[in-house]
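Chemist: return a 3D structure for these sequence lines:
(one chain, ligands or ions: 1)
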Amino acid sequence: MTSKSTKLTLATLALLASTALSFAGPGGAGHGHGDETAYGKPGDPKKPARIVQVTMGERDGKMHFIPNRIEIRRGEQIKFMLRNNGELDHEIVVATLEENLRHAVEMQKNPDMEHDDPNAKRLAPKKTGDIVWAFTKAGEFDFSCLIPGHREAGMTGTIIVK
Ligand SMILES: [Cu+2]
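Modeler: The predicted model follows:
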């Protein structure tokens, strides 16, 4: 499709434009329901999925996902098996980087905002959960914990779909 540098430039432009588009863009808040998004679509639990385990936690004043880089082949359906090994609530939100950054700002205004979306899951300490997502589009995407302060403390990762 496009080269990596072109995509990065587009992502930067999208980010710069996101404020202006936030009221006009399709699915602007990232709460599409069952629809195809820029980063794929909700998975079908009846279809096969590759399992990717992701652990959430805190250590030494930092917060993390392990792993924080996930490579996926375009068209693959992924079942993220999530585990919160930390002492605090954590969440994972899979989206484009610009969508997650915009969403993070909304979360700062509404810290108690709950996510009940197919691309997100919030877990209490020591709990497990999963997300099934079909990565139908190539590109570089983001997964982050959007609880205020957590992304800044390191709870973010990259999904590369080739
Ligand atoms: Cu968190």
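Chemist: wait, residue 65 sits on residue 55?
Modeler: Yes: the pair formed by residue 65 and residue 55 meets the contact definition of C-beta atoms under 8 Å, at 7.1 Å. Using the backbone N, CA and C atoms, a C-beta is placed for each residue, glycine as well.
Chemist: out of these two, which sits in the more crowded spot?
Modeler: A side-by-side neighbour count of residue 65 and residue 55, using other C-beta atoms under 10 Å, places residue 65 first with 21 against 16.
Chemist: buried stuff in stretch 36-48?
Modeler: Burial within stretch 36-48, assessed by neighbour count using 16 or more other C-beta atoms under 10 Å, is assigned to 37, 38, 39, 40, 41, 42, 43.
Chemist: and of these, the nearest to the ion?
Modeler: For the buried residues of stretch 36-48, the residue nearest the ion by C-beta to the ion is residue 39; the value is 20.1 Å.
Chemist: so which elements touch the one helix or strand residue 102 maps to?
Modeler: When elements are defined using DSSP states H and E, residue 102 is found to belong to helix 97-109. Contacts defined by 3 or more C-beta pairs under 8 Å, 6 or more residues apart in numbering; DSSP states H and E place helix 97-109 against helix 4-21, strand 90-95, strand 139-144.
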